[in-house]
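**Student:** Pasted the sequence and its predicted model underneath.
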Amino acid sequence: MPEVDGGIETIRAHVNGRRSHGAIGFVPTMGALHAGHASLIQRARRECGTVVVSIFVNPLQFDRAEDLDRYPRSLDADLALCREHGVDLVFAPSVAEMYPRPMAMAIDVGTLADHLCGRYRPGHFEGVASVVLKLFGIVQPDRAYFGEKDAQQLAVVRRLVTDFNVPVTIVPVPTVREPDGLALSSRNVRLSADERLLAPSLYKALQRAAARVDQGAVNAAEIERDAAALIPADERLRVEYLQLVDPDLFQPVTTVAGPVVAAGALWVGQTRLIDNVRCTPRNQS
Ligand code: AMP
């Protein structure tokens, strides 16, 4: 059974008590855990002496109060998954524990948030960067595991630790998908049966973009248009963005001249799904 605690000082003491067991591996989550999270935990379990999971729905990164209210929460099932995968410590703080006072400081993530999710969710990545920096300060892990599913988040976290010299190794973990390609997400539980059938179209569109790049297409606007055409014209579907960006700073590319990330956000009914696929021109793979 993992040790579960919501107190910053207690979790810190537990983690420090285990430093002699080898590397501290850390998996930050917002709970509603699924096989995607499990894959991060398994990787950490293989590579580290201690595995710490945090479960915290961070209000600072929600741009819409309604999304925060509706975010799925399932602490008992989450703890069962942690136990099953050999997690040592679970840090599940309250909002008051993490934010005893409103933050006086904020992290400006700069142009990394100009496009994709950053453009459509104002303040989101500033909230992510702030909570990740706080969690790193609390847990002080050697290695921290992040999913490639949230590619722009991963890029923000990478720059956060290099820009601020945080002594942690960021480990990217490939996206876990359903058999039909839909990326696992805590938000998928909100999809109705009909919506669930429509949801994989985002991944199919992104795969099309990757195939076009592989075949030598270079005109980004044309690739994006062609990919988006695979999303059915259905009143329940709305493409928020589908764009090719560079893999480091997540700026839009106009001409593909090397590896790019095809990233998309699709509204399926009231649920917003995101996904991405790395695209590499054939002569460069
Ligand atoms: P979340 O609880 O949604 O904040 O996600 C916590 C971590 O799990 C993040 O690093 C996500 O990128 C990662 N994650 C979420 N879904 C998946 C997935 N389908 N495959 C791999 N990692 C994922």
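**Tutor:** Noted; the coordinates are in hand.
**Student:** ok, and what's touching the helix or strand hosting residue 155?
**Tutor:** With the criterion set as DSSP states H and E, the secondary-structure element containing residue 155 is helix 151-163. With contacts defined as C-beta atoms under 8 Å, 6 or more residues apart in numbering, helix 151-163 is touched by 107, 109, 112-113, 116-118, 125, 128-129, 132-133, 136, 144, 146-148, 166, 168, 170, 172, 247-250, 261, 263, 276. Placement of C-beta: from N, CA and C, glycine included.
**Student:** Pull the distance from the lengthiest helix in the chain to the chain's centre.
**Tutor:** What stands out as the longest helix in the chain, according to DSSP state H, is helix 124-139. Between the centre of helix 124-139 and the centre of its host chain there is 13 Å, according to C-alpha atoms, centre = their mean, to the nearest Å.
**Student:** CA atoms only: put it into CSV for me.
**Tutor:** Backbone C-alpha positions of helix 124-139 (Å, rounded to 0.1, in the frame of the first residue of the first chain) are rendered in CSV as follows:
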residue,chain,number,x,y,z
HIS,A,124,-3.1,27.6,-18.8
PHE,A,125,0.6,27.0,-19.3
GLU,A,126,1.5,29.7,-16.7
GLY,A,127,-0.6,27.7,-14.3
VAL,A,128,1.0,24.4,-15.4
ALA,A,129,4.5,25.9,-15.0
SER,A,130,3.7,27.3,-11.6
VAL,A,131,2.3,24.1,-10.2
VAL,A,132,5.1,21.9,-11.7
LEU,A,133,7.8,24.2,-10.2
LYS,A,134,6.0,24.0,-6.8
LEU,A,135,5.7,20.2,-7.0
PHE,A,136,9.4,20.0,-8.0
GLY,A,137,10.2,22.1,-4.9
ILE,A,138,8.1,19.9,-2.7
VAL,A,139,9.2,16.4,-4.0
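**Student:** right, and the helix or strand after that helix?
**Tutor:** Past helix 124-139, heading to the C-terminal end, the next element that is a helix or strand (DSSP H and E) is strand 143-147.
**Student:** Adjacent strands (with direction) for that next one?
**Tutor:** Using DSSP bridges, strand 143-147 pairs in its sheet with strand 24-29 (parallel), strand 169-173 (parallel).
**Student:** just so I know, which of the ones you listed lies nearest the ligand?
**Tutor:** With C-beta to the nearest ligand atom as the measure, strand 24-29 is the member of the strands paired with strand 143-147 nearest the ligand (3.9 Å).
**Student:** about what we covered before: which residues does the longest helix of the chain contact?
**Tutor:** Identification of contacts with helix 124-139 by C-beta under 8 Å, 6+ apart yields 8, 11-12, 15, 24, 26, 28, 52, 54, 56, 58-63, 91, 98, 103, 105-109, 112-113, 117-118, 144, 152-153, 156-157, 160-161, 164, 166, 168.
**Student:** Now it: buried residues?
**Tutor:** The neighbour-count check on helix 124-139 (16 or more other C-beta atoms under 10 Å) flags 124-136, 138-139 as buried.
**Student:** could you flag which of the contacts of helix 151-163 are buried?
**Tutor:** In terms of neighbour count (16+ other C-beta under 10 Å), the buried residues within those are 107, 109, 112-113, 116-118, 125, 128-129, 132-133, 136, 144, 146-148, 166, 168, 170, 247, 250, 261, 263, 276.
**Student:** what distance separates the helix holding residue 155 from the middle of the whole chain?
**Tutor:** 11 Å.
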